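Asks: predicted model and sequence below, questions to follow.
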Amino acid sequence: MWGTGQKTEKRAISMDASQAYVAIEGVIGVGKTTLARMFHQTVGGQLVLEVFEENPFLSDFYTDRARYAFQTQIFFLLSRYHQQRQLRHIPRPVISDYMFEKDRLFAQVNLRGDELKTYYSVQEALAENITPPDLVVYLKASTETLMDRITARDRPYERNMDPAYIDSLRVAYDAFFASYQDAPVLTIDTNNLDFVKNEADREAVFSQIRGALGEGPRQPALPGLDREVAPVAPSGVQPTAPQPFDPGARRLVDYQRLHRELDRDKGFSTDPYLNFMLLQEEIGELARAFRQHWLAMQTGQADTALPALREELADVLAYVIKLANYAGVDLEAAYLEKMRQNRERTWHPADTGGDVP
């Protein structure tokens with residue numbers, strides 16, 4: 001029963017970073033430009049950065065937002081439109097530190113009444129010519145963290161930044177991406193990350209982006225997978241002949257791509273919380289199937305549970321793959337890394353009942 005849920009218009013993707021247009025978004029001070037520069041260094045292509053310092057109204061806006069909001073917003077709208085409309089002609093990859101839709105988000109926070117109506121009429125006409133990104137990376141942080149980062153970078157026009165304004169933007173961003181449907185969104189909480197100074201944090205973020213794009217590094221086979229292995233057969237069934245491990249056969253990354261396509265084509269819900277609850281439901285159905293299997297073995301009755309076990313195990317795997325997609329996790333890489341750690345551990349009898357051996 002996996003795949004149950006509401007229809008969504010988000011586009012599923014299956015490409016590597018060298019083919020993608022990735023937009024990195026978030027509130028002022030969250031680190032989007034820094035991350036865009038760093039990720040661009042790893043994938044190459046074209047780096048598109050927002051030209052915000054050329055706005056002649058920006059300094060006055062931070063001094064008197066009500067008076068200068070409309071001028072500031074219209075200048076940004078036209079500047080962003082001029083830059084964004086060129087993206088359709090730029091070879092991929094493209095890494096940007098903003099998306100065109102952010103302009104509307106800021107207008108909703110800063111404009112009111114006739115000014116906002118005028119803005120909407122212009123923005124909606126321009127938006128028709130804009131190419132949406134293949135992936136949006138939404139960086140989140142608390143208002144306190146954002147203010148600390150703004151203070152640390154010490155831009156002259158940001159020195160008197162109002163925390164209430166930053167908090168209003170943070171709330172607006174969260175609301176915007178809660179309903180955003182024009183492109184897949186990878187949300188990353190940066191409160192406890194330092195991808196500037198900490199290489200492990202930086203690589204973890206890069207891995208999430210690659211995973212969200214459907215790209216997984218080709219991992220070498222684990223020891224034991226490079227030899228012929230006979231599959232485990234149910235009790236009383238003759239095992240089939242050993243089959244060689246084929247590193248070129250279908251892999252977890254292929255199944256992750258399959259589920260992105262199914263989400264897109266079938267309109268399955270991509271809400272991670274709903275799918276986690278559905279996973280729990282499938283685990284309950286799997287437990288009932290195992291109970292029937294166990295009872296049949298104990299009483300010597302005919303075992304009719306194997307077809308159900310097969311189906312329920314497949315459903316559980318499907319939801320695990322779907323959740324990995326929504327979290328931006330390269331499931332195969334994570335699994336192989338975990339198994340390498342386990343192979344290096346010393347296993348004691350008391351340990352094997354808890355963690356995966």
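Replies: The structure has been received and is ready for your questions.

Asks: which one is L146 nearest to, not counting chain neighbours?
Replies: Nearest residue to L146, sequence neighbours excluded (C-beta to C-beta, 6 or more residues apart in numbering): G29, at 4.4 Å. Bear in mind the C-beta positions are built from the backbone N, C-alpha and C, glycine included.

Asks: I'd say the one you found and I166 touch.
Replies: Yes - with contact defined as C-beta atoms under 8 Å, G29 reaches I166; the gap is 7.2 Å.

Asks: what do these two both touch?
Replies: L146, M147, I150 (C-beta atoms under 8 Å, 6 or more residues apart in numbering).

Asks: and which of these is nearest V137?
Replies: V137 lies nearest to L146 out of these, by C-beta to C-beta, at 16.7 Å.

Asks: and the helix or strand containing that closest one, how far out from the chain middle?
Replies: Using DSSP states H and E, L146 falls within helix 143-153. Remark: helix 143-153 is offset 24 Å from the chain centroid, using C-alpha atoms, centre = their mean, to the nearest Å.

Asks: can you give me the neighbour number for the closest residue to V316 other than its chain neighbours?
Replies: In space, and not counting its chain neighbours, V316 is closest to E282: 5.0 Å by C-beta to C-beta, 6+ apart. E282 has 21 neighbours, counted by other C-beta atoms under 10 Å.

Asks: quickly note the distance from E282 to E158.
Replies: E282 sits 49 Å away from E158, going by C-beta to C-beta, to the nearest Å.

Asks: with T187 instead?
Replies: Using C-beta to C-beta, we find T187 at a distance of 25 Å from E158.

Asks: when the two are compared, which one has more neighbours?
Replies: Comparing T187 with E158 by other C-beta under 10 Å, the one with more neighbours is T187, at 20 against 16.

Asks: ok, now which ones touch the more buried one?
Replies: Listed by C-beta under 8 Å, 6+ apart, the contact partners of T187 are Y138, K140, F177.

Asks: which one in those residues is the model shakiest on?
Replies: For these, the weakest pLDDT value sits at F177, with 88.

Asks: that residue: how many residues sit nearby?
Replies: 17.

Asks: so what sits opposite the residue nearest the centre of the chain in the bridge?
Replies: Note on the chain: the residue nearest the mean C-alpha position is L186, at 2.6 Å, using C-alpha atoms, centre = their mean. Per DSSP bridges, the residues bridged to L186 are V137.

Asks: so what pLDDT did F268 get?
Replies: Listed pLDDT for F268 reads 89.

Asks: identify the residues contacting V320.
Replies: L279, L331.

Asks: what about it, helix or strand, and which?
Replies: Following DSSP H and E, one finds V320 within helix 306-327.

Asks: before we move on, back to that, need the contact partners of the helix holding L146.
Replies: Residues contacting helix 143-153 (C-beta under 8 Å, 6+ apart): 27-31, 141, 158, 161, 163, 166-167, 170, 190-191.

Asks: what does stretch 167-176 give?
Replies: 25-28, 101, 105-106, 108-109, 138, 140-143, 146.
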